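*Asks:* Okay, predicted coordinates and the sequence, questions at the end:
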Amino acid sequence: MKFYSVLLLWLLFQVSCNFFDKGNKNPPVTAINEFSEVDAISKLIEKKPKDAQLYYNRGLAYKAIKRDSMALRDFQKSTELDSTVAKYYSAVGDLLFEHKDISGSVPWFQKALSLNPDDEKAHLKMAKLFLYVEEFPKAFVEINTVLRGNVYNAEAYFLKGMCYKSMRDTNNAISSFQTAVQTDPKFVDAQMQLAIIYDHKKNLLALKYFENAYQADTNNLEPLYGQAMYWQKQENFTEAKKVFKRMIIRDRNYAKSYYNTGWMLMQEDSTEKAIRQFDIAIQNKPDYADAYYNRGICKEIMGKFAESLEDYEQAISFNADNLAFQDAKNRVTLKIKK
């Protein structure tokens, strides 16, 4: 599933789409209030220009409003003013790591650990780095260092589970993820990993963990989507539709709910009802290539070849590399010519 792969990337890096913001010098009016804390700290810096903590605090304020390039500048400045504080170096490493500069982040975390060997956050960042490059023994060393000092660190158990999962050691992965959620029941990522593992096993426990993940963060509908897709893959369309209805109640603009409901209606030969669902999916996501394609199939079945062709062409315009879309266009074009 697409969202599974997206989830894994997020877990490892928590990245944003751009490396660093371009330092927008003219923020929109709606963003002016966001700078109030930055402005307040800047005034203090004018009075105490060599106060490393103030630069660190302003860096945090910039990071909170997603001005990461300016945050990086301030974090680095704090290390220049005071080279004895571990958290200043960790802050630089964190930003570089979050923006995929993995190798660049390493020396900053190493410096932080040299100053504070008990820095759990730095150890876990190093563990993520080793996980990314598949140096699992080194990752375990970092993780176990944290757990020796704090047996209640849920993220450490989670990362241990990710290592085992990458090593295809499913049993130990499950055990580690379960320990993570026992330590922190609201640990959404660990709940989701358990759900994904059991989903692959076609085990009903997947539904439990998807539900746990949703209850831990009801603003995130992906766990419910996973739950619905579990039923859909089992061809239990009745249960799947119930979950998609639940999602629509929570968010009427969630296009995948309508799309998948439409797809199931297609399998039940309810083409007109399916078209209505695809219509709504497209309204909410105008570039939804699969929705155009499947709506085109429905119209082709109904003998509306010209309308079907339009949908296939729309699908191709959003995904030109999909051979199924091109084949459908060629097929219906021949029907129109007859």
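*Replies:* Looks like it arrived, so ask away.
*Asks:* Please work out how many residues are found near the spatially closest residue to Gln314 that is not a sequence neighbour.
*Replies:* Leaving aside its sequence neighbours, Gln314 sits nearest to Tyr292 (Cβ to Cβ, 6 or more residues apart in numbering; 4.3 Å). C-beta: built from backbone N, CA, C; applies to glycine. The local packing of Tyr292 (other Cβ atoms under 10 Å) involves 24 other residues.
*Asks:* Can you pull out the residues in contact with the helix or strand hosting Trp108?
*Replies:* For Trp108, the element it lies in under DSSP states H and E is helix 102-115. By Cβ atoms under 8 Å, 6 or more residues apart in numbering, the surrounding residues in contact with helix 102-115 are 84-87, 89-90, 92-94, 96-97, 119, 122-123, 125-126, 129, 132-133.
*Asks:* how about 10 Å then?
*Replies:* Residues outside helix 102-115 that contact it (Cβ atoms under 10 Å, 6 or more residues apart in numbering): 12-13, 75-76, 79, 83-99, 119, 121-126, 128-129, 132-133, 142, 145.
*Asks:* Mind giving me the PyMOL command for buried ones among those?
*Replies:* Selection of buried members from the contacts of helix 102-115 for PyMOL, criterion 16 or more other Cβ atoms under 10 Å:
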select buried, resi 12+75+76+79+85+86+87+88+89+90+91+92+93+94+95+96+97+98+99+119+121+122+123+124+125+126+128+129+142+145
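*Asks:* Three-state assignment for Pro49, please.
*Replies:* coil (DSSP: H, G, I helix; E, B strand; the rest coil).
*Asks:* Give me the neighbour count for it.
*Replies:* By other Cβ under 10 Å, the residues close to Pro49 number 11.
*Asks:* returning to that earlier point: what residues does the residue nearest to Gln314 make contact with?
*Replies:* Taking Cβ under 10 Å, 6+ apart as the definition, contacts of Tyr292 comprise 278, 281-282, 286, 310-319, 325.
*Asks:* top of the residues you listed by neighbour count?
*Replies:* Within those, neighbour counts (other Cβ under 10 Å) peak at Phe278, which reaches 30 neighbours.
*Asks:* didn't that one look like it was pressed against Cys298?
*Replies:* Yes: here Phe278 reaches Cys298: they are 7.2 Å apart, a contact under Cβ atoms under 10 Å.
*Asks:* Which neighbours do these two have in common?
*Replies:* Shared contacts of Phe278 and Cys298, defined by Cβ under 10 Å, 6+ apart, comprise 262, 265-266, 311.
*Asks:* Put the buried members of those residues into a ChimeraX selection.
*Replies:* Selection of buried members from the shared contacts of Phe278 and Cys298 for ChimeraX, criterion 16+ other Cβ under 10 Å:
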select :262,265,266,311
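*Asks:* so of the shared contacts of Phe278 and Cys298, which ones are in helices?
*Replies:* Per DSSP state H, helices hold the following members of the shared contacts of Phe278 and Cys298: 262, 265-266, 311.
*Asks:* Using JSON lines, lay out these together with distance to Val181.
*Replies:* Formatted as JSON lines, those follow (distance: Cβ to Cβ, whole Å):
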{"residue": "Gly262", "distance to Val181": "34"}
{"residue": "Leu265", "distance to Val181": "36"}
{"residue": "Met266", "distance to Val181": "37"}
{"residue": "Asp311", "distance to Val181": "44"}
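*Asks:* ok, the residues you listed vs Ala195, which is closest?
*Replies:* Nearest to Ala195, judged by Cβ to Cβ, of those is Gly262 at 24.6 Å.
*Asks:* That closest one against Cys298, yeah?
*Replies:* Yes: contact criterion Cβ under 10 Å: Gly262 and Cys298 qualify, at 8.2 Å.
*Asks:* shared neighbours, those two?
*Replies:* Counting by Cβ under 10 Å, 6+ apart, the residues touching both Gly262 and Cys298 are 270-271, 273-278.
*Asks:* Among these, name the ones in strands.
*Replies:* Among the shared contacts of Gly262 and Cys298, DSSP state E puts none in strands.
*Asks:* Of those residues, just the buried ones, PyMOL syntax please.
*Replies:* Buried subset of the shared contacts of Gly262 and Cys298, written as a PyMOL selection, criterion 16+ other Cβ under 10 Å:
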select buried, resi 271+273+274+275+276+277+278
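*Asks:* which one is Glu239 nearest to, not counting chain neighbours?
*Replies:* Residue nearest to Glu239 in three dimensions, not counting chain neighbours: Trp231, with 4.1 Å by Cβ to Cβ, 6+ apart.
*Asks:* Many thanks, have a good one.
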